[in-house]
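Enquirer: give me a 3D structure for the following:
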Amino acid sequence: IHTHTAKAGVLGRLAAATCRVPLRVHTFHGHLLHGYFNRLISRVLVLVEKFLAWRTKALVAVGERVRDDLVVAAGIGRLDQYTVIPPGVAPAGPLDRESARVRLGLPLGVPVVLFVGRLTVIKRPDRLIEAMSYVLARRSDAVLAVAGEGGLLEETRRRAEPLGSAVRFLGWQPDIADLYVAADCVVLTSDSEGMPVTLIEAAMAGVPGVTTDVGSAREVVVDGVTGLVVASDASAVADGLLRLFDVELRDRLGAAARARAEAEFGTRRLIADHEALYERLMAELGAAARETDGG
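Expert: Coordinates of the predicted model:
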C-alpha cells in the first residue's frame, strides 16, 4: 500500500496495518508542520505522524529539504526510511504564445507574470499583490495573471483593485499548457512549500521562475541559473521579477530551466524511481521471509 497526502496517509496506513499489509509506503508531498495550524494542533499532527512512521516500511519525500524538515526538525521517522523522489511532469508540447494570450484574454507585447496556485494564507497572495504594486511603479505595462481559486480569492481581488487591469484573475484553468506558454516568468510567494510542481511545469515549458526560499523550491530553481530565489518579502520578489523582464536573461534562464527539468523532473525518471523503490522493498521482504522459514 502506497499512500499520499496527510489525511489519506493516516487513513490508508491505519487500514493497511489493520489488514496486515506487509509493505506500507507513504509519500510526503510537503508537510503541515508550519503555517497551517496553531502550535497545539501541530504538535498533535507530529505525534500522529511519528506513530505512523514507526508502522511504515518506507517513507518518500519529494525533496531533500522536505525530508530534512520531517526528520531533523520534527523527528518523524528515521533517515534510513526515507527515499527522495521528486515529482515528474510531461514535457510541454510546441505552443504559440500569441494564440495562448488571446485565448486567455492577456495583452500582447507586454511582460506577463504568472501565478498558479490556491489562494490561501500559506501561499501569501497578499505578498504577491504587494510585489506587483512595486513592479508597476517601475514597469507600468506589466501584467500579473492569477490562475487558481481558494478561500482568499475575494480578499485578493479587493487587494488588487487599486492595480486595475494590471492584475487579471483567470480562475481555475483546465489547460495549464496555455498558461505557461503565455507567460514570461512565473512567481511563487509562499511561506511554506513541499516541492512546488508549478515551478517544474513552468521549467518544462522553458519559463523561468522567481520563488521565495521555502521548502524544496531551491531544488527546482537553481538561483541565477534556471531562475531566481529571493527573500520572503514583497520587495525582493518585485526585484526578481523586474530582473526577468530583461529578455536576454529571461531567455537564457528559461532554456537552462527546460534542459534541467527534462533531465531531472520527467515522468520516466519518476516511474523508474518508484519501480526501484518497490523492487528493493519486495526483495527485502522476500529475504526476511526466507530467514523466517529457515533459508
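Enquirer: quick check: closest non-adjacent residue to residue 244.
Expert: Among residues not flanking residue 244 along the chain, residue 185 sits closest, at 4.3 Å (C-beta to C-beta, 6 or more residues apart in numbering). All C-beta spots, glycine's among them, are computed from the backbone N, C-alpha and C.
Enquirer: can you give me every residue that contacts the one you found?
Expert: 111, 113-114, 207-210, 227, 241, 244, 250 (C-beta atoms under 8 Å, 6 or more residues apart in numbering).
Enquirer: could you dump those residues into a markdown table and include pLDDT, secondary structure and neighbour count?
Expert: Shown next, in a markdown table, are the contacts of residue 185 (pLDDT from 0 to 100; DSSP: H, G, I helix; E, B strand; the rest coil; neighbours: other C-beta atoms under 10 Å):
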| residue | pLDDT | secondary structure | neighbour count |
| --- | --- | --- | --- |
| 111 | 96 | coil | 20 |
| 113 | 98 | strand | 25 |
| 114 | 98 | strand | 24 |
| 207 | 96 | coil | 26 |
| 208 | 97 | coil | 29 |
| 209 | 96 | strand | 29 |
| 210 | 98 | strand | 26 |
| 227 | 97 | strand | 31 |
| 241 | 98 | helix | 26 |
| 244 | 97 | helix | 23 |
| 250 | 96 | helix | 19 |
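Enquirer: and the residue nearest in space to the middle of the chain, how far from residue 264?
Expert: In the chain, the C-alpha nearest the mean C-alpha coordinate belongs to residue 196, at 1.1 Å (C-alpha atoms, centre = their mean). Noted for residue 196: a distance of 14 Å to residue 264, by C-beta to C-beta, to the nearest Å.
Enquirer: cool, residue 194 as well?
Expert: 16 Å.
Enquirer: tell me which of those two has more neighbours.
Expert: The residue with more neighbours, out of residue 194 and residue 264, is residue 194; 21 against 14, by other C-beta atoms under 10 Å.
Enquirer: is the more buried one in a helix, a strand, or coil?
Expert: Put simply, residue 194 is coil when judged by DSSP: H, G, I helix; E, B strand; the rest coil.
Enquirer: can I assume it is in contact with residue 6?
Expert: No: checked against C-beta atoms under 8 Å, the pair residue 194 and residue 6 is beyond contact range at 11.1 Å.
Enquirer: in the stretch 1-150 of the chain, which spans are strands?
Expert: 2-4, 25-28, 58-61, 82-84, 112-116, 143-147 (DSSP state E, counting those that start in this stretch).
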